[in-house]
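Asks: sharing a model that was predicted from the sequence below.
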Amino acid sequence: MTTATGEGLVVQGLSAGYGPVDVLHEVDLQVRPEEIVALLGANGAGKSTLVKTIGGLLPARAGSVHSGGRDVTRMRPERRARAGIVTAPEGRRLFLHMTVAENIELGLRLSGRGGGKALLDEVLDLLPVVRERMSTQAGLLSGGQQQMVALARAAAASPQVLLLDEPTLGLSPRLTVEVLDLVAELARRRSLAVLLVEQRAQQALAVATRGYVIDRGRIVLAGSSAELLGSGEMSEIYFGAAGVAPAADPTPTNGSKETP
Ligand SMILES: Nc1ncnc2c1ncn2[C@@H]1O[C@H](COP(=O)(O)OP(=O)(O)OP(=O)(O)O)[C@@H](O)[C@H]1O
């Protein structure tokens, strides 16, 4: 593990938890620009907690988070977003009664980091499904379309570090491949450092160059995608604990969480 903090996302010795319970224990990870790194783990392993702590929604109890060489550990989420760390949270979190355009505008305003019309245009070129539905109410879109809107909203905020918490949750295998291909295209075009949280290890490792496996709040395995896919240890830790096969398709749900 390099300790260089100059580029991308660097997490060192990060611990966090809820109330009296420690959930994350001294997590180290790094994502360089233009790199997609998968964060894999069974239900309850600590993936969302790690994303929340990196994004600033949950305070770090120890350790540090750097983005582009800047120490953001003590910054509030809005300041972190302005510093380049943008999260597309699990469950999409769209405002379902608002149009797609309003969702994107509001997201950009909240992040305080919109990349302007040119960037939004570039993102929408990659996501024609979103462009075609800018005036549609978000609640009327399918789960896959909502996922694309969440991705567009996050990408249009001009992130340096993009945290994607289960962007394929509830999507069909075909849409999963489509969303992950788009993530890869965005990472390449915009030099993004992408941390991709996924339960679908095979699909995630197909677009990621490297991955980490988290178990009970600790990184227990790290390696290239090929190494992880071939690792018996990973199957044991991850799939043994999860009780699902690597390519398992989680039960589709179109449910969305609406934040006030
Ligand atoms: N708000 C909370 N308050 C207390 N404990 C929580 C809270 N959120 C999560 N936890 C606990 O923290 C641990 C890690 O949960 P987390 O949601 O980070 O796991 P996860 O890997 O994202 O799981 P999943 O894949 O099911 O979303 C679990 O034991 C969970 O019960």
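Replies: Good, I have the coordinates. Residues are numbered from 1 along each chain as shown.

Asks: which SSE is T168 in?
Replies: Of the helices and strands defined by DSSP states H and E, none includes T168.

Asks: that one - how many residues pack around it?
Replies: Counted with other Cβ atoms under 10 Å, residues neighbouring T168 total 25. (Glycine included, C-beta is placed from N, CA and C.)

Asks: didn't it look like it was pressed against Q147?
Replies: Yes. Here T168 reaches Q147: they are 7.2 Å apart, a contact under Cβ atoms under 8 Å.

Asks: intersection of neighbour lists for these two?
Replies: Residues touching both T168 and Q147 (Cβ atoms under 8 Å, 6 or more residues apart in numbering) are 175, 179.

Asks: for the ligand, give me its nearest residue in the stretch 101-250 of the chain.
Replies: Using Cβ to the nearest ligand atom, the closest approach of the stretch 101-250 of the chain to the ligand is made by Q199 at 5.8 Å.

Asks: so that residue versus I214, what's the distance?
Replies: 12 Å (Cβ to Cβ, to the nearest Å).

Asks: pick out whichever of those two has more residues nearby.
Replies: I214 (26 against 22).

Asks: and stretch 142-160, what's its mean pLDDT?
Replies: Average pLDDT, stretch 142-160: 87.

Asks: list the buried ones in that stretch?
Replies: 143-160 (16 or more other Cβ atoms under 10 Å).

Asks: now, which of the residues you listed lie within helices?
Replies: Here DSSP state H is the test, and the buried residues of stretch 142-160 give 143-156 as lying in helices.

Asks: centre-most residue in this protein?
Replies: Centroid-nearest residue in the chain, with Cα atoms, centre = their mean: L164, separated by 1.2 Å.

Asks: name the helices or strands packed onto the helix or strand hosting E122?
Replies: Using DSSP H and E, E122 sits in helix 116-126. Applying 3 or more Cβ pairs under 8 Å, 6 or more residues apart in numbering; DSSP states H and E, one finds that helix 116-126 makes contact with helix 128-131, helix 143-156, helix 173-190.

Asks: so for R74, which of those helices sits nearest?
Replies: Set against R74 and scored by Cβ to Cβ, the helices and strands packed on helix 116-126 come closest in helix 143-156, at 23.0 Å.

Asks: give the next helix or strand downstream of that closest one.
Replies: strand 161-165.

Asks: packing partners for that next one?
Replies: helix 47-55, strand 85-88, helix 143-156, helix 173-190, strand 193-198.

Asks: does it come close to the ligand?
Replies: No. In terms of Cβ under 6 Å from any ligand atom, no part of strand 161-165 sits within range of the ligand; the closest distance is 7.5 Å.

Asks: quick one: contacts for T209?
Replies: Contact analysis of T209 by Cβ under 8 Å, 6+ apart lists 35-37, 224-225.

Asks: now do G13
Replies: Counted by Cβ under 8 Å, 6+ apart, G13 has contacts 26-28, 62-64.

Asks: pLDDT weak spots in the stretch 101-250 of the chain?
Replies: Applying pLDDT under 70 to the stretch 101-250 of the chain picks out residues 110-115, 237-250.
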